[in-house]
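Q: no sequence on hand, only this structure:
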């Protein structure tokens, strides 16, 4: 955008700009909002996984003191929402999972609201429920959405993809492994629970304060679901106390809060207790990936064939679309000449899937990278060596049309191999029941074109004091994006970072942005901020040129001082330039706007198209110890190397990767929402859910590989989800190395590990010999891994 | 800016967009702000008009429970502020008026804060005080600022101006009248008192919430007075509950609030009680204008000579500059070939002058327009006829260099003459002790270049829903500017008014603006909004042209629909165009920024230069009845006609003029801050102060004269202060018509009127004959007005 110059801000670690306020407890989150006359809203939820709502009687509740509104499907105007319009804010005919919203109240206190909830009388007619997606697929199974005749056998969506000549590649394969890899029902489990406040002003303009991070889409969703004019809705995003995807989009809580505000004529705040956060929020839906992978004798991958059942739960929220991401990993992680993926999104009477960090990729990577090591094992090739042989490379276009520009996958692999001591230790620690496992990933790192625009707007200005304000469409949700955007702006402008403030605004002020998802903020909002900063810089130099009587192109702007190149004494501080521009005849302000949309393509019917302007890659190696008496898997270390393009704020990038890795360890080892036989949540608490605490975190090494992406801002690529993705696979592979079993589901709960050890659960190698004339492997393939554990 | 098209929004009266919220009591003003941990601040004020501060002991106050900070000049870092740097937030050596700030506390409750105030021990050494500016001018008078040796005889400033050959014009005059015209100490008296809240965040960034309406200047003033980095200060302007100039700029309350926040480490809110609002705020300082006016026998004005003493009070705040406006009226209201003005700003030990609506002009107009009628009387010419003869005309450049472009003064005069029944009634109601009086005014109506920039910036956008957001540098302070800016935007864009929202923002977000003063907002911010809207329109049509496959210049955009001119079926709603522009490959947002600075000149040393891009004019006629037994003056009617250029929102303009007129009636009849002999305020309450209530308001007629100013937005000129300016003069002239006395000060309190009647106070005509050869007047001049009252 401007002439290359040495970086002075980008690449130097700084503390988060919003850190001190947060650490000192002074940040005011959505839950801190108080409005005059505000009421407390509470939601009545179904105790049944599947039932007909026979009647809802709110008359007693309405008469209770302090109660201003009691709403249910019978007394509000609402429209279906969700993919396939299969959901209602307040359920009308049926409930389809435990926790389904049936009624809600707004009252002057929490006690009054809870008393009113108790006074609502709902008569249900319980129906048979189905929890298992494979049951749900059977003939004669309970139909979760019998009002949707187009949904056959509870299959609401299919995501099918194919490339290459699979039959031929299968024929050519020297080795084929197969298995079914399963992931659990899990939760984003952010520390801040969902909180939504809604208020209509005297003119009927609605303002909603909530932790959503796709504010513009959310606004439209509210309008669509409640029949409101979206021009007359403002969405305010207070600082968000974590989301991990859980707050990405519209949820019944949001719509119910607005309905309560409308019914009561008062501002209403609804917040989730910790328990409700588990029962009333979206989940990471379980996936069952039946995968076959074939390779030739040299370890070149030849095909993958996947059949996937996504146990979607009761309604189609974002989770129904996670298979898009699963598809990318199956089609494009490593070069695979032939791929076939069939998948079904299946309704069950359970909590339903949203968007959780990684969004299908941890699940896909668990399957793919487990089989990568199984193939390596079957071929007797070192798994990292095999990966290097198949690794994606810069300049590749994957069969799905993903244009891989920068790619440091091989360097990442080499880094973790070196860091972990892989060569001397892998396969040699089994005596100590310890082992090393690796896993790589590919993930979008330059946006994800899932909507007609993947863009982000920026308004940036320099005021007469020299203060630089950046108003971005982007959303800070705890990931550190404000700091990154400030650094990019400071770098591009040539001013000190301390001069830059990134302001979180609302939908009435901030420029459009599709939202924070798909690890896109640094890349997309960063590029947008950089464009705006470049325009500000151009204007600054234009005015400085008049003052310094030089051509703009002869000026440099470094650390806030504009000077004539080579004549440092002819200089002027940038803030004086701003004042000179403003405070004169025919003056002008320094304001710039920019919109950046990545040069990507929406994927067509065949899922072809370059969905992202850059792709992130990385490799993890985990070291575990397995207690074969108890089944306890202890992760002793995790080495991670990520191709981040460029680390704008290295400390922030490391934090993101570390945070992701810790979340990944939780998924790998402990996190699971366990259900009762009646479809309810067994123990809705963070402890029982299995969230790791600091004590559960092993030493983790983060290495950053900077490939300087040609399109990314200063070369950066997105990294928000990355740290999480390959962890479960690496840990499972390490367990395989340690004790010779093949985990095919996570979390690696002790009871499961014990069972696998007891059963001698192993890799299922369905072919060991290549086709005629291609036999390097075959009978001589290493048998070591088939021996039984003592 | 664009092709002329019929106006569809501008010129049609609409209710204020912020009206319903305000009427329903739902608007959240500065006083409604609550922050976590916020403390209550209170200020300890001097009971003495002039005293040396011997000692301040805060030790007992500091130990009281709930007290977090007790500050005084001895324990804070502060710098002088004000013109001549003659003021300190907390006074150090001396106090110079009753109410001077000596110490302040921040405590957890108002009670605790008041208890702490009581516990502060200040020892004063009282000094002789001077209240009368003429006393202050005498040799040997008390020196209010003896620390300023450059201040001689308490004169801190002089504003002297001259044009033409005064001696020659005096020689030519057929008639000369003279007198001294005085105005009282009065108050802006907004319903909302001053409230300031300040908080430092964890990083030391200061945010101040206050009703200031020159937010950027205020920010700088805080930084300068307290030694802070202005880049790290954000000024937030909650909705303002009236100001009338009282909240225009920095005051000790603001600086003390920040000092308390700094000392306590907590957010602090300081608010004024109603009493403190009178004693602790800036006032309209009294002026004493000795004026001589001469005219030839035909009634052509020939000269004015003015000697003005501005009774400025203890410090130089904005009020010290009101003589700039006095000068404009004296030099330029009507064509006057020779003018000499000498004036002195004099310190006294009293409350000190700020900026109050009209800012010197009511005072000047009272003097000038009283004498205009005295001249007419002396010449036997009808006063309106005489005014018409001398009225400013379009195309004139006044001797001060004010370029009068649009000017409807004559039309205004003719309108009020007709409306009031002047011709049949004026001079004929004396039997009933009733009379009619007129007065005109000239006031800046296109900004006022008192700072290097008189500009205003705008950011405007159209979002994907079709919502139009305008972020203006301007300040809504109750005058209805949000509505006007929304209308201008809607008109220029061609969209419905309901689509437009004007957002009040803070100094970190809103573009620069010099502030709301000098009736400039509609003109300057309006032009800025119009420029931004024109740019949005251009972008809209650019995209619509692609969609409709037509040239942009062949398109029209009316009521939100873009269509091919003459082919209405080829059309598209503008919000769809916004979405088409955004949601596509290479999309873009619809955001525009603009900066408008009027093409004006700062006035040089001789006060020459076109300070405003347009000038407003108007004429009032008042009808009064005088009770000669009690001295009570009752205004029976007021007819007003104002050249407003163009009424953007006629109801709003009428409201402004009506409100100004009512304020003017208060000044004319009742409003005065009366002091005790010890320099304190006698009765600091709205009732005793004499604010009119609705019951005191006579029928007022407002006629709008639309001259369609060439530079104003859709022809509009500023009108914020206008309604007030000529009222006192018109009322005084009506009293003269009713009972033959000549009022020379206001308010026209009954005791004064009785005294004037008793004394037979009359016009002082110092010459009645013109120079040789020019005698139409002379002995034959009408004697009627010199008869004594019965």
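A: Structure's in. What do you need? On a predicted model such as this, the values are computed, not experimentally measured, just so you know.

Q: was I right about residue A:448 contacting residue A:612?
A: Yes - with contact defined as Cβ atoms under 8 Å, residue A:448 reaches residue A:612; the gap is 5.4 Å. Backbone N, C-alpha and C define where each C-beta goes, glycine included.

Q: need the residues touching each of the two.
A: Contact criterion Cβ atoms under 8 Å, 6 or more residues apart in numbering or on different chains; residues shared by residue A:448 and residue A:612: residue A:518.

Q: what about those two, which has more around it?
A: More crowded of residue A:448 and residue A:612, by other Cβ atoms under 10 Å in any protein chain shown: residue A:612, with 30 against 26.

Q: count of residues packed around the residue lying closest to that one once chain neighbours are set aside?
A: Leaving aside its sequence neighbours, residue A:612 sits nearest to residue A:444 (Cβ to Cβ, 6 or more residues apart in numbering or on different chains; 3.8 Å). Residue A:444 has 30 neighbours, counted by other Cβ under 10 Å.

Q: pLDDT value on residue A:790, please?
A: Residue A:790 is assigned a pLDDT of 31 by the prediction.

Q: same question, residue A:177
A: Residue A:177 carries a pLDDT value of 97.

Q: got the contact list for it?
A: Contacts for residue A:177 were tallied using Cβ under 8 Å, 6+ apart; they are A:292, A:293, A:371, A:374, A:375, A:378, A:763, A:764, A:765, A:766.

Q: in what helix or strand does it lie?
A: Element membership for residue A:177 (DSSP states H and E) is strand A:175-182.

Q: what about the nearest residue to residue A:454 once chain neighbours are set aside, distance to chain B?
A: Among residues not flanking residue A:454 along the chain, residue A:447 sits closest, at 4.4 Å (Cβ to Cβ, 6+ apart). Applying Cβ to the nearest Cβ, to the nearest Å, the value for residue A:447 to chain B is 13 Å.

Q: for residue A:447, give me its contacts.
A: Counting by Cβ under 8 Å, 6+ apart, residue A:447 makes contact with A:454, A:518, A:520, A:523, A:524, A:598, A:600, A:612, A:613, A:718.

Q: ok, the residues you listed vs residue A:165, which is closest?
A: Residue A:165 lies nearest to residue A:612 out of those, by Cβ to Cβ, at 27.0 Å.

Q: OK, contacts around that closest one?
A: Taking Cβ under 8 Å, 6+ apart, one finds A:402, A:444, A:445, A:446, A:447, A:448, A:449, A:518, A:598, A:600 in contact with residue A:612.

Q: ok so, going back, in the contacts of residue A:447, find the pair that's most separated.
A: A:600 and A:718 (12.8 Å).

Q: against which helices or strands is the longest helix seen in chain A packed?
A: For chain A, the longest helix by residue count, based on DSSP state H, is helix A:526-548. Contact here means 3 or more Cβ pairs under 8 Å, 6 or more residues apart in numbering or on different chains; DSSP states H and E; on that basis helix A:526-548 packs against strand A:456-462, strand A:468-472, helix A:481-493, strand A:555-558, strand A:561-564, strand A:567-573, helix A:574-582, strand A:590-596.

Q: need the phi and psi values for the one residue in the stretch 551-700 of chain A that gets nearest to chain B.
A: Here the residue of the stretch 551-700 of chain A nearest chain B is residue A:583; by Cβ to the nearest Cβ that distance is 3.7 Å. Phi and psi for residue A:583, reported as degrees, to the nearest 10, are phi -90, psi 70.

Q: following the helix or strand of chain A with the lowest mean pLDDT in sequence, what is the next regular element?
A: Of the helices and strands making up chain A, the lowest-confidence element is helix A:686-689, at a mean of 86, by mean pLDDT, DSSP states H and E. Using DSSP H and E, the helix or strand that follows helix A:686-689 in sequence is strand A:700-705.

Q: give me the distance between that following strand and the centre of its chain.
A: 20 Å (Cα atoms, centre = their mean, to the nearest Å).

Q: same question, stretch A:321-328
A: Distance of stretch A:321-328 from the chain centroid (Cα atoms, centre = their mean) equals 12 Å.

Q: give me the contacts around it.
A: A:83, A:157, A:159, A:161, A:285, A:287, A:289, A:306, A:308, A:310, A:341, A:343, A:345, A:353, A:355, A:358-361, A:363-364, A:400, A:402, A:442-444, A:450, A:603, A:607, A:611.

Q: if we can go back for a sec, overlap in contacts, residue A:600 and residue A:718.
A: Common neighbours of residue A:600 and residue A:718 (Cβ under 8 Å, 6+ apart) are A:446, A:447.

Q: so those two - more neighbours on which side?
A: Neighbours of residue A:600 and residue A:718, each counted by other Cβ under 10 Å, are more numerous for residue A:718; the result is 31 against 23.

Q: so what's that one closest to, chain neighbours aside?
A: Once flanking residues are discounted, residue A:718 sits nearest to residue A:519: 3.3 Å by Cβ to Cβ, 6+ apart.

Q: how about the nearest residue to residue A:165 once chain neighbours are set aside, phi and psi?
A: Leaving aside its sequence neighbours, residue A:165 sits nearest to residue A:338 (Cβ to Cβ, 6+ apart; 5.7 Å). Backbone torsions of residue A:338, given as degrees, to the nearest 10, read phi -140, psi 130.

Q: tell me the pLDDT at residue A:338?
A: Looking at residue A:338, its pLDDT stands at 98.

Q: next up, the contacts around it.
A: So residue A:338 contacts A:163, A:164, A:165, A:166, A:168, A:169, A:170, A:302, A:303, A:304 (Cβ under 8 Å, 6+ apart).

Q: now with 7 Å?
A: A:163, A:164, A:165, A:166, A:169, A:302, A:303 (Cβ atoms under 7 Å, 6 or more residues apart in numbering or on different chains).

Q: among those residues, name the buried ones.
A: Buried by 16 or more other Cβ atoms under 10 Å in any protein chain shown: A:163, A:164, A:166, A:169, A:302, A:303, out of the contacts of residue A:338.

Q: three-state assignment of the fourth one?
A: Secondary structure of residue A:169, reduced to three states by DSSP: H, G, I helix; E, B strand; the rest coil: helix.

Q: residues in contact with it?
A: Counting by Cβ under 7 Å, 6+ apart, residue A:169 makes contact with A:294, A:302, A:303, A:337, A:338.

Q: quick check: the gap between it and residue B:309.
A: Separation of residue A:169 from residue B:309 (Cβ to Cβ, to the nearest Å): 102 Å.

Q: about what we covered before: quick check on the residue nearest to residue A:718: phi, psi?
A: Per degrees, to the nearest 10, the backbone of residue A:519 is at phi 50, psi 40.

Q: ditto for residue A:340
A: Backbone torsions of residue A:340, given as degrees, to the nearest 10, read phi -130, psi 130.

Q: excluding its backbone neighbours, what's nearest residue A:703?
A: Once flanking residues are discounted, residue A:703 sits nearest to residue A:641: 4.1 Å by Cβ to Cβ, 6+ apart.

Q: now that neighbour: phi and psi?
A: The phi/psi pair for residue A:641 (degrees, to the nearest 10) reads phi -140, psi 130.

Q: so where's the stretch 651-790 of chain A uncertain?
A: For the stretch 651-790 of chain A, the stretches flagged by pLDDT under 70 are A:769-790.

Q: point me to the residue of it nearest chain B.
A: Across the stretch 651-790 of chain A, no residue is closer to chain B than residue A:711, which sits at 14.4 Å (Cβ to the nearest Cβ).
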